[in-house]
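In: 3D, please:
(one chain, ligands or ions: 1)
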Amino acid sequence: MPEGVVAPYFTDPTESFVLYQGDCLKLIEALGENQFDLIFADPPYFLSNGGVTCKNGKMVSVNKGKWDKSKGAVENHKFNLQWLEACQKALTPNGTIFVSGTHHTIYSIGFAMQQLGFKILNNITWFKPNPPPNLSCRYFTHTTETILWAAKSTKSKHHFNYKDMKAENGGKQMRSMWNFKPPRKAEKKHGKHPTQKPLPLIERIIRSASDPGQRVLDPFNGSGTTGIAALKQGRRYVGIELDPQYLDLTLSRYQELVPGVAEQDQPRTALGF
Ligand SMILES: C[S@@+](CC[C@H](N)C(=O)[O-])C[C@H]1O[C@@H](n2cnc3c(N)ncnc32)[C@H](O)[C@@H]1O
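Out: Okay, here's the model as predicted:
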């Protein structure tokens, strides 16, 4: 672990919930090789370029933040290659990665995985049952996101909790089409993140491909959904996030589950890169 190399923004006393502030392109490598059994990544969509969308029946800007601005297809793909390569090294030999995205990014991510020699295991479709309407009426209503699941390499003996997934699906094999509503109000009570994922979705991912006590990384922590899901499922978590305000939001969510620990007057180390 990078102790002494990079100071965490927050760590609990047992190092089961650790947050780093900074650019994952630099930080994943600093965490060391063969460290994580499971990675969930929800990278920038690269769609915040002045468009509009519909929220609660109103037309609103689609812009999510500076981090989500497109630099063009070639640069966006270079970015995806870089962080995926770092994640590949950080995975244990039989570890796997789940990456979520829309059509804006998922093809680049799939191609980058192929270029890097990951083994793509499944293309999971997350079906959202109540999508906002398409305001332009010139497209089908967007109602899905894709989650690519891949093993570190073609030689990996990847971990899959087949029986648990079957039991979770009422005794029938779990399919690659998952139906989850957007995050409930209660999941947003500590503050909002523009692309927060629903907890039950990430909890299923974690249950499907890791065991209690194993280590989970999210290089695009956001509001910390993966960390909270990992905590609830008894896994150990490391999250990386550029924006300290989202790390503070993560800590408020953490505090609700583990009162006392994050309230301590700890200095927070914002690395500023
Ligand atoms: C799509 S959001 C993740 C949302 C998260 N899954 C959740 O449920 O809240 C991506 C996040 O990655 C952060 N980010 C963008 N580029 C980054 C980078 N290079 N290193 C670390 N974090 C980054 C953004 O600030 C944003 O919060």
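
In: How about the residue of the chain found nearest the ligand, nearest residue that isn't a chain neighbour?
Out: Nearest residue of the chain to the ligand: G222, at 2.5 Å (Cβ to the nearest ligand atom). For every residue, glycine as well, the C-beta is placed using N, CA and C. Nearest in space to G222, with sequence neighbours left out and distances taken as Cβ to Cβ, 6 or more residues apart in numbering, is H193 at 5.0 Å.

In: ok, that neighbour touching L247?
Out: No. The pair formed by H193 and L247 falls short of the contact definition of Cβ atoms under 8 Å, at 11.2 Å.

In: Count the residues that sit near the closest residue in space to D37 that isn't next to it in sequence.
Out: Nearest non-adjacent residue to D37, counting by Cβ to Cβ, 6+ apart: Q214, 3.9 Å away. Residues within reach of Q214, counting by other Cβ atoms under 10 Å, total 19.

In: Distance of Q214 relative to E145?
Out: Using Cβ to Cβ, to the nearest Å, we find Q214 at a distance of 25 Å from E145.

In: Also H190?
Out: Distance check for H190 against E145: by Cβ to Cβ, it reads 23 Å.

In: more neighbours, these two?
Out: When neighbours are counted by other Cβ under 10 Å, E145 comes out ahead of the other of H190 and E145, with 21 against 18.

In: For that one, which residues are in contact?
Out: E145 sits next to S100, G101, T102, T125, W126, K128 when contact means Cβ atoms under 8 Å, 6 or more residues apart in numbering.

In: For the fourth one, give me the backbone phi and psi.
Out: Spelled out, that is T125. phi -100, psi 120 (degrees, to the nearest 10).

In: so it makes contact with N179?
Out: No. At 9.5 Å, T125 and N179 do not qualify as touching, with contact defined as Cβ under 8 Å.

In: higher neighbour count, those two?
Out: It is T125, of T125 and N179, that has more neighbours when counted by other Cβ under 10 Å, with 15 against 10.

In: What residues are bridge-paired with that one?
Out: Here T125 shows beta-bridge partners T146, M177, assigned using DSSP bridges.

In: if we can go back for a sec, for the residue nearest to G222, give me its contacts.
Out: Contact criterion Cβ under 8 Å, 6+ apart gives G222, S223, Y246, L249 as the residues in contact with H193.
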